[in-house]
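Colleague: sequence first, then the predicted structure, then my questions.
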Amino acid sequence: MKIAACKYPVGEPRDFVEFAAKQEALLREAKRGGAELAVLPEYLSLELAAMFDAQTRGDLHASFAAIQPLRDAWLDVYATLARELGLWINAGSFLLDGGRGRGRYCNRSDLFSPDGDHLWQDKLRLTGFEKKTGVIESGDALKVFDIDGIRAGISVCYDSEFPLPVRAQCEAGARLLLVPSCTDTDAGATRVRVGCLARALENRCFVAQAVTAGEAAWSPALDTNTGEAALIAPMDVGLPADGILAQTRGEACWAIADLDFGALEASRVHAQVANDRDWPTQYFPTVLRARLERAAHRATGAEVA
């Protein structure tokens with residue numbers, strides 16, 4: 001499966017028509033590159049706030065509220081492009097009011113199929129910035145999806161820095177992790193990238209990381225953006241030594257790579273390490289494991305040094 005991860009240049013659209021045209025141009029570019037699945041970054045929906053007055057777009061809470069009436073148009077844009085382009089689209093994330101008018105928002109990452117399916121994963125863990133807003137809530141469900149026969153999970157930005165939820169997705173069959181991200185410091189970009197590399201290593205899975213890029217002084221959330229989009233593999237025999245299959249450079253908007261899931265599975269045979277298979281061995285402290293091994297040997301009459 002050929003997958004494209006976006007380094008999304010945050011702009012200042014004057015209206016929704018301009019925003020939609022930008023999405024179409026970007027996704028058509030990914031499709032021309034052969035992509036079957038395109039991944040966009042976290043907080044993409046907040047670019048919509050640019051079309052409002054300075055007071056609204058400069059106020060985080062006001063901008064969250066202002067974009068809510070655009071939710072249906074947002075869904076329609078990506079559903080239509082997925083269908084017209086024959087492209088799976090992970091549309092970054094939308095700060096979505098729960099529908100009760102409480103002014104409380106989940107960070108929802110939507111996934112659209114060419115056949116009209118609409119799936120989603122809510123962000124589970126909140127960063128310090130998100131907690132300080134006082135209005136963003138964590139999700140309460142962890143999901144795995146089928147993308148043309150490939151099991152995949154979504155791990156929104158900070159979620160990718162936590163091993164156990166991703167491990168649960170992989171134990172449920174996921175071999176591809178989609179990571180829409182948004183960071184505003186080099187340290188933040190490094191943390192997410194290290195998380196993506198670690199999750200690929202631990203679970204012998206591919207990771208597609210999308211990022212926001214550029215400066216948007218008008219936005220309190222998207223003002224500064226860092227990092228590069230990438231397609232990531234486990235670091236093992238027959239795979240890139242640094243884990244990077246493809247990565248954006250300079251002004252390039254897409255990192256695109258053909259991910260061979262058959263080869264990924266076959267790599268287990270000649271693997272130098274087997275973190276995915278050896279995962280259960282870390283659950284017991286060394287001393288306890290040694291005692292259990294001695295007890296097992298005694299039960300069979302074998303000697304243990």
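Modeller: Now that the structure is in, tell me what you want to look at.
Colleague: how far away is Pro220 from Arg193?
Modeller: Going from Pro220 to Arg193 by Cβ to Cβ, to the nearest Å gives 25 Å. Placement of C-beta: from N, CA and C, glycine included.
Colleague: these two - which one has more neighbours?
Modeller: Counting neighbours by other Cβ atoms under 10 Å for Pro220 and for Arg193 shows that Arg193 has the greater number, 24 against 17.
Colleague: for the stretch 1-150 of the chain, just list every one of the strands.
Modeller: Applying DSSP state E, counting those that start in this stretch to the stretch 1-150 of the chain gives strands spanning 2-9, 37-39, 88-90, 94-97, 105-112, 118-122, 136-137, 145-147, 150-154.
Colleague: residues contacting the residue nearest the centre of the chain?
Modeller: Computing the C-alpha centroid of the chain and ranking residues by Cα atoms, centre = their mean puts Val179 first, at 1.2 Å. Contacts for Val179 (Cβ atoms under 8 Å, 6 or more residues apart in numbering) come out as 39, 154-157, 160, 192, 195-196, 207-210.
Colleague: can you do 10 Å?
Modeller: Contacts for Val179 (Cβ atoms under 10 Å, 6 or more residues apart in numbering) come out as 5, 39, 41-42, 90, 109, 153-157, 159-161, 166, 192-193, 195-196, 199, 207-211, 229-230, 232.
Colleague: narrow those residues to those in strands?
Modeller: Secondary structure of these is defined by DSSP state E; positions in strands are 5, 39, 90, 109, 153-154, 207-211, 230, 232.
Colleague: picking that back up, out of the strands of the stretch 1-150 of the chain, flag the one nearest Leu259.
Modeller: For those, the distance to Leu259 is smallest for strand 2-9, at 5.7 Å, taking Cβ to Cβ.
Colleague: the closest one pairs with which strands, parallel or anti?
Modeller: According to DSSP bridges, strand 2-9 has the following sheet partners: strand 37-39 (parallel), strand 206-215 (parallel), strand 254-258 (antiparallel).
Colleague: low-confidence ranges in this protein?
Modeller: Residue ranges of the chain with pLDDT under 70: 99-102, 284-289, 300-305.
Colleague: now do 50
Modeller: Scanning the chain for pLDDT under 50 picks out the ranges 303-305.
Colleague: which parts of it are helices?
Modeller: Counting by DSSP state H, the chain forms helices over residues 16-32, 54-57, 60-66, 71-85, 128-133, 163-171, 186-203, 261-266, 275-278, 286-300, given from the N-terminal end onward.
Colleague: now these as TSV including distance to Asp117?
Modeller: As requested, the helices of the chain are exported to TSV (distance: least, Cβ to Cβ, whole Å):
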stretch	distance to Asp117
helix 16-32	17
helix 54-57	32
helix 60-66	27
helix 71-85	9
helix 128-133	28
helix 163-171	18
helix 186-203	25
helix 261-266	20
helix 275-278	28
helix 286-300	44
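Colleague: could you list the buried residues of stretch 22-36?
Modeller: Of the residues in stretch 22-36, Gln23, Leu26, Leu27, Glu29, Ala30, Lys31, Ala35, Glu36 count as buried by neighbour count, 16 or more other Cβ atoms under 10 Å.
Colleague: the first one and Tyr78, how far apart?
Modeller: Okay, so that is Gln23. Per Cβ to Cβ, Gln23 is found 7 Å from Tyr78.
Colleague: so what sits against both of the two?
Modeller: Residues within reach of Gln23 and of Tyr78 at once, by Cβ under 10 Å, 6+ apart, are Leu40, Ile89, Ala91.
Colleague: what is the burial count for the first one?
Modeller: Neighbour count of Leu40, defined by other Cβ under 10 Å: 27.
Colleague: what's the answer for the second one, then?
Modeller: With neighbours defined by other Cβ under 10 Å, the count for Ile89 comes to 25.
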